[in-house]
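Visitor: here you go, sequence then predicted model.
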Number of protein chains: 2
Amino acid sequence: MSEFLKGTGKSESLATSGWNILTEEVSFPVAVVKQSAITNNAQWMAQYARQAGVRLAPHGKTTMLPDVFKQQIEQGAWAISLATVPQVLNAVEQGIERVILANQLIGKFHFELIAQLLSQTDTEFYCFVDSPDNARQLGAFFQSKNVTLNILLEVGVEHGRCGVRSSEQLFDLLDVCQQFKALKVCGLSFYEGVITQEHAQQRIHSFVTDVIAMAVQIEQRQGFAIDNPIITGAGSAWYDVVAKAMNDSESRELFTYVLRPGCYLIHDTGIYQSAQQQVLQRSQLACDIKGGLTSGLYLWAYVVSRAEPNLAIIGLGKRDVAFDAGLPTPQLIFSPTTQKLDKAPTEFRVTAIMDQHCMMSIASDSALKVGDLVCFSTSHPCLTFDKWRQIGVVDDDWVISKTLATYF
Amino acid sequence: MSEFLKGTGKSESLATSGWNILTEEVSFPVAVVKQSAITNNAQWMAQYARQAGVRLAPHGKTTMLPDVFKQQIEQGAWAISLATVPQVLNAVEQGIERVILANQLIGKFHFELIAQLLSQTDTEFYCFVDSPDNARQLGAFFQSKNVTLNILLEVGVEHGRCGVRSSEQLFDLLDVCQQFKALKVCGLSFYEGVITQEHAQQRIHSFVTDVIAMAVQIEQRQGFAIDNPIITGAGSAWYDVVAKAMNDSESRELFTYVLRPGCYLIHDTGIYQSAQQQVLQRSQLACDIKGGLTSGLYLWAYVVSRAEPNLAIIGLGKRDVAFDAGLPTPQLIFSPTTQKLDKAPTEFRVTAIMDQHCMMSIASDSALKVGDLVCFSTSHPCLTFDKWRQIGVVDDDWVISKTLATYF
């Protein structure tokens, strides 16, 4: 009997001969990633980055599966991006050597942790800075520890998230940073994903162009501490527009461009599938790369009740799967009784989700029974991963060959 | 330096002298429960149940903190309710002896786990059954294992979740169950929380009255396998209406009534605060109990950016806190620089949340700085707990005296 059941944290080791989902060898619901899909997606994006002439620092926050980070590095990723200090420490502990904290580094506890990391390991570490206050705190602390901190000045947009809102603020921030020897200004960073709604494509292109223009000005003032300073941005929705703006720049050769998409690796059948369809409409380069991104995350769950003719209640809820950007989509139905595996009928649709259940509308003449298994794809992969301490890795026959620990 | 930081799972042991949030001795964001609040809430509901003449089987899925389950049992709870088989196993492993799986028991892997549990321990275990299909599967399996399974037949409502929709279906289900000696029909169960919108109070009272009437019919046919069969229902929003309907029944003495609220223990400043205000308007019994429920879950996080005059970006996101039933509410502000702890100004308000950040609108003349700490209360406690592997327990001075492991 497999020990792979939610909440036990017991199955960090490889299953000897695998656990077959279709013979119910695990507890359901179960979350699995398809090895073939994530290998494909990692290769696809690596190739895209190579052909676009940019480096890749995939955002690891999506999965927090350091085993998968290593696969991304092996396929050519330059670094792994992370969102918090604990995420950085987990990645480093698992063998990642170059990390971007794609966020501000705040608070004395985190300062101390990063100072320890930098003095005790050879980790190449970068973080974002967007305020003189934070720059002074970092500068004073790291000076006192005699540790040099690589920083990327973050540029943002009005009504966005972090980042200075103007070149004036940027130069003020740079001035403060340059008062501290411990702060090594290695480039600029941004996140274009907060630019939405009308004319987003044009606005993102123009925003990235502006960021590069600011970088040129800083370079002309010899404001960067390294050659070929870094300019880094891009999530999984607009990476092609960011890459195009980088390549359109007349100052292309001056900088090292680094993209930070995360969700491409797992992909989905929701918001990121739509985003990728837009990428393919915009980018000949993306179209020219063989294959394409494919959804790699699946949840299998039981039909627990057939309370009404048109309604199946599924043992899968908000505790198990993302629900913030579209509900899970039924893909396959498996009957343990008849051993038949079929595509889910197109009319099957999740209409609501509660903590531990979801409601799936079905045709009233459906043969779907209590105890049948439904396989769902998702929208927005990040918010499924943090619900699981162990994720199964499956081959294309739905056999779990190993489990990977998440580090949330 | 404390080892209490998200994702590391490293701090299962007691901190020797505690970790002080206000001297930044932990990584932020951090999730903590106030011991005084949960002790108060556990006592309040225990007293409510005693005075209402009902037993309490608090739903443990909210926190999945078995340490807290034990506190609830010590304060008089009769059992702990859980939503999934792994949750049941975790609770039992941590010392809980009577559990209700407030859900259907589905699938051969789960059957096997529960059969092992019942044959290897003295656990008193109940689960819900709502379909002849499931009854036949359970009956055949547990018969073959020579293990008796306590079941509660679940009654539901049209357009609801699980549960038979009519007394005809209930009696058909009972007939099937009685074909299997291994199935011991111990009572009826329901969940009224899916009855919402217009006249919910009246509809819930009438639904519970109907369930009791069905139980009386089954009792008259000697359909239950135990004396004083169980009738169990109630979440944290309508427990008073359920208890009233139970007490209004002329057949009161025939049954053992068991309430299963969960969220009351942690409570919130959102949907459950509103629900409890409604309880107090409806129930003199609730009003007569000293004190009242108080929100027990808090998240402390840094201001990471003051990018615009009216906007603070906080290092707290969907990966850290519930967002499905209202965004977190700023309660306190602490400045590490001035050491001042103040109530959050009423105009501070979270307006949006992303994976790792939220946006808080503030007055443009606010002195709030990058590196200041904000303490948030929440709405819908369940969906915060499953984001954390360790929850801090704080006294009223915000010192973490110990950490508790969650079992999701």
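Guide: Sure thing, it's come through. Numbering: from 1, shown residues only, chains lettered A, B, ... in the order given.

Visitor: show me where pLDDT drops low in the stretch 1-150 of chain A?
Guide: A:1, A:9-16 (pLDDT under 70).

Visitor: get me the contact residues on it for chain B.
Guide: Residues of the stretch 1-150 of chain A found near chain B, taking C-beta under 8 Å from any C-beta of the partner chain as the criterion, are A:1-2, A:5-8, A:24-28, A:61, A:64, A:83-87, A:89-90, A:103-104, A:106-110, A:112-113, A:130-131, A:133-134, A:137. Just so you know, the C-beta spots here come from the backbone N, C-alpha and C atoms, and that holds for glycine as well.

Visitor: near A:Glu97, how many other residues are there?
Guide: 14 (other C-beta atoms under 10 Å in any protein chain shown).

Visitor: quick check, the residue in the stretch 151-300 of chain A closest to chain B?
Guide: Minimum separation of the stretch 151-300 of chain A from chain B (C-beta to the nearest C-beta) falls at A:Cys162, amounting to 4.0 Å.

Visitor: thinking again about what came up before, of the residues of the stretch 1-150 of chain A next to chain B, keep whichever come out buried.
Guide: For those, a burial check counting by 16 or more other C-beta atoms under 10 Å in any protein chain shown picks out A:2, A:5-8, A:24-28, A:61, A:64, A:83-87, A:89-90, A:103-104, A:106-107, A:109-110, A:113, A:130-131, A:133-134, A:137.

Visitor: can you tell me which of the residues of the stretch 1-150 of chain A next to chain B are in helices?
Guide: A:85-87, A:89-90, A:108-110, A:112-113, A:133-134, A:137 (DSSP state H).

Visitor: list the buried ones in stretch A:303-316?
Guide: Those would be A:303-308, A:311-316, for stretch A:303-316 by 16+ other C-beta under 10 Å.

Visitor: actually stretch A:17-26, sorry about that
Guide: A:18-22, A:24-26.

Visitor: what are the ranges of the strands in the stretch 201-350 of chain A?
Guide: A:230-233, A:256-259, A:297-308, A:311-314, A:329-335, A:340-343, A:349-353 (DSSP state E, counting those that start in this stretch).

Visitor: got a markdown table for these, with mean pLDDT too?
Guide: Shown next, in a markdown table, are the strands of the stretch 201-350 of chain A (pLDDT from 0 to 100):
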| stretch | mean pLDDT |
| --- | --- |
| strand A:230-233 | 98 |
| strand A:256-259 | 98 |
| strand A:297-308 | 97 |
| strand A:311-314 | 98 |
| strand A:329-335 | 98 |
| strand A:340-343 | 98 |
| strand A:349-353 | 98 |
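
Visitor: pick the most buried one from these.
Guide: strand A:230-233 (a mean of 27; mean count of other C-beta atoms under 10 Å in any protein chain shown).

Visitor: just checking: what are the partner strands of it?
Guide: Counting by DSSP bridges, the strands paired with strand A:230-233 are strand A:183-190 (parallel), strand A:256-259 (parallel).

Visitor: residue boundaries of the helices in chain A?
Guide: According to DSSP H, the helices that chain A contains are A:35-52, A:66-74, A:85-93, A:108-120, A:132-145, A:167-177, A:200-220, A:239-248, A:271-282, A:284-288, A:382-385.

Visitor: tell me which residues are up against the shortest one.
Guide: Put plainly, it is helix A:382-385. A:31, A:61-65, A:262-263, A:266, A:297, A:299, A:320-325, A:378, A:391, A:406, A:408, B:318-319, B:355 (C-beta atoms under 8 Å, 6 or more residues apart in numbering or on different chains).

Visitor: between the buried residues of stretch A:17-26, which is nearest chain B?
Guide: Distances from chain B to these, taken by C-beta to the nearest C-beta, are shortest for A:Glu24, at 5.2 Å.

Visitor: if I pick the most centrally placed residue in chain A, what's in contact with it?
Guide: In chain A, the residue lying closest to the centroid (C-alpha atoms, centre = their mean) is A:Gly262, at 2.7 Å. Residues in contact with A:Gly262 (C-beta under 8 Å, 6+ apart) are A:58-62, A:81, A:235-236, A:382.

Visitor: how does it look with 10 Å?
Guide: Residues near A:Gly262 by C-beta atoms under 10 Å, 6 or more residues apart in numbering or on different chains: A:57-63, A:80-83, A:102, A:234-236, A:272, A:381-382, B:355.

Visitor: do I have it right that A:Asn41 meets A:Thr63?
Guide: No. With contacts defined as C-beta atoms under 10 Å, A:Asn41 does not count as touching A:Thr63, sitting 11.5 Å away.

Visitor: these two: who's more crowded?
Guide: Per other C-beta under 10 Å, whichever of A:Asn41 and A:Thr63 has more neighbours is A:Thr63, with 30 against 23.

Visitor: near the closest residue to the more buried one other than its chain neighbours, how many other residues are there?
Guide: Computed as C-beta to C-beta, 6 or more residues apart in numbering or on different chains, the closest residue to A:Thr63 that is not its neighbour in sequence is A:Phe385, at 5.0 Å. A count of nearby residues for A:Phe385, using other C-beta under 10 Å, gives 21.

Visitor: now do A:Phe385, the pLDDT please.
Guide: A:Phe385 is assigned 97 on the pLDDT scale.

Visitor: bridge partners for A:Glu154, pull those for me.
Guide: A:Ser189.

Visitor: do you know how far the nearest residue to A:Gln276 once chain neighbours are set aside is from A:Pro261?
Guide: Leaving aside its chain neighbours, A:Gln276 sits nearest to A:Leu293 (5.2 Å; criterion: C-beta to C-beta, 6+ apart). Computed with C-beta to C-beta, to the nearest Å, the distance linking A:Leu293 and A:Pro261 is 10 Å.

Visitor: now do the same end-to-end measure for stretch A:249-267.
Guide: 29 Å (C-alpha to C-alpha, to the nearest Å).
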